[in-house]
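In: Structure for the following, please:
(one chain, ligands or ions: 1)
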Amino acid sequence: MKTLQVTELFSSIQGESTWAGCPCGFIRLAGCNFYCAWCDTAYSRGAGRTMTLAEIRDEVRKWHLPLVEITGGEPLLQPDAATLASLLLEEGYTVLVETNGSLPIDMLPAGVIRIMDIKCPDSGMHEKMEWSNLDQLAARDEVKFVLASRTDYLWALEIMQRHDLSRRCAAVLFSPVTGWLEPAELAGWIMEDKPPARMQLPLHKYIWPGHTRGV
Ligand code: SF4
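Out: Predicted coordinates:
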C-alpha cells in the first residue's frame, strides 16, 4: 500500500497564485531539500506522519472542495506525490502542486497545475534550481519569484525575460518576503518597470496574522 509522509492536512483560503481567494484543501507533505533564508514553513522538515494514499483521499473528500493543493516542504521528494496527484485528478479535483523547482516536474501527471518557485539569490538556494524544469512549463503552469530585495527583483526580471516566462505560463508572480521587503516598495518598482508580472501578497497571512500552521 502506497504511503506518504504528511506534515498537515487542512482547508483554508488559498493565499497565493492566481487561485488566491478560493477555498482550497491543502496537503502539506513532509521534508525539504532546501534551506531558504526566509523559510516560513520550516516545521515541514520533520518526519511527518505516515498516511496511505487512500487515507489522504478520504480526508480530502471530507472538505467538499473542488480545489486541492499538494505542497511542502518539497512535495516531489516523495515520488508517490505524483501518484496522489493522479488519484485526485481521477476524482475530479483541480490539483495544484507547489514545488521549489529542484526536482524534475515532469514526474507529475498531465492535468496538474504546477506552481514553481524560482528561488532568488537572497534565498541562498538559487544555484540549486533544476533549470531544465523551465523547459517543461506549460501554459497552465505558474511561476513564483519570492523577492527579499532589489537584487532579487532585478534578477527575477532578467530570468523572466530570458526564458519568456510571461508568454509561456499562465502567470508570473512576484511576492515580497514578509518582513524583508515592503510591499509598497515592490509595488513602486513594478509600476516603474511595468513587467508582465502579477504582484501578490500572501492573503492567508493577512486574514490570520500570526498563524503559522493550518492556514
Ligand atoms: S523550499 Fe519552501 S519549505 Fe523548503 S526551505 Fe524553501 S521555503 Fe522552506
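In: Contacts only, for residue 139.
Out: Contacts here follow CB atoms under 8 Å, 6 or more residues apart in numbering; on that basis residue 139 touches 168-170. Where C-beta positions appear, they are placed from N, C-alpha and C, glycine not excepted.
In: try 10 Å
Out: Counting by CB atoms under 10 Å, 6 or more residues apart in numbering, residue 139 touches 167-170.
In: where's residue 9 relative to residue 176, distance?
Out: Distance, residue 9 to residue 176, by CB to CB, to the nearest Å: 28 Å.
In: between these two, who's got more neighbours?
Out: Ranked by neighbour count (other CB atoms under 10 Å), residue 9 and residue 176 place residue 176 first, with 23 against 18.
In: Who are the packing partners of the longest helix seen in the chain?
Out: Determined from DSSP state H, the single longest helix within the chain is helix 150-162. Secondary-structure packing of helix 150-162 (3 or more CB pairs under 10 Å, 6 or more residues apart in numbering; DSSP states H and E): strand 142-147, helix 165-168, strand 171-176, helix 183-193.
In: what does the average pLDDT come to for it?
Out: Here helix 150-162 scores 98 as its mean pLDDT.
In: count of residues packed around residue 23?
Out: There are 14 residues near residue 23, going by other CB under 10 Å.
In: same deal with the one 4 residues further on?
Out: Residues lying near residue 27 (other CB under 10 Å) number 27.
In: now the one 10 residues further on
Out: Residue crowding around residue 37 was assessed by other CB under 10 Å; the count is 13.
In: near the ligand, which residues of this protein show up?
Out: Taking CB under 6 Å from any ligand atom as the measure of proximity, the chain contacts the ligand at 32, 34-36, 39, 41, 44, 72-74, 100.
In: Most neighbours among the residues you listed, please name it.
Out: Neighbour max across the residues of the chain next to the ligand (other CB under 10 Å) = residue 73, 28 neighbours.
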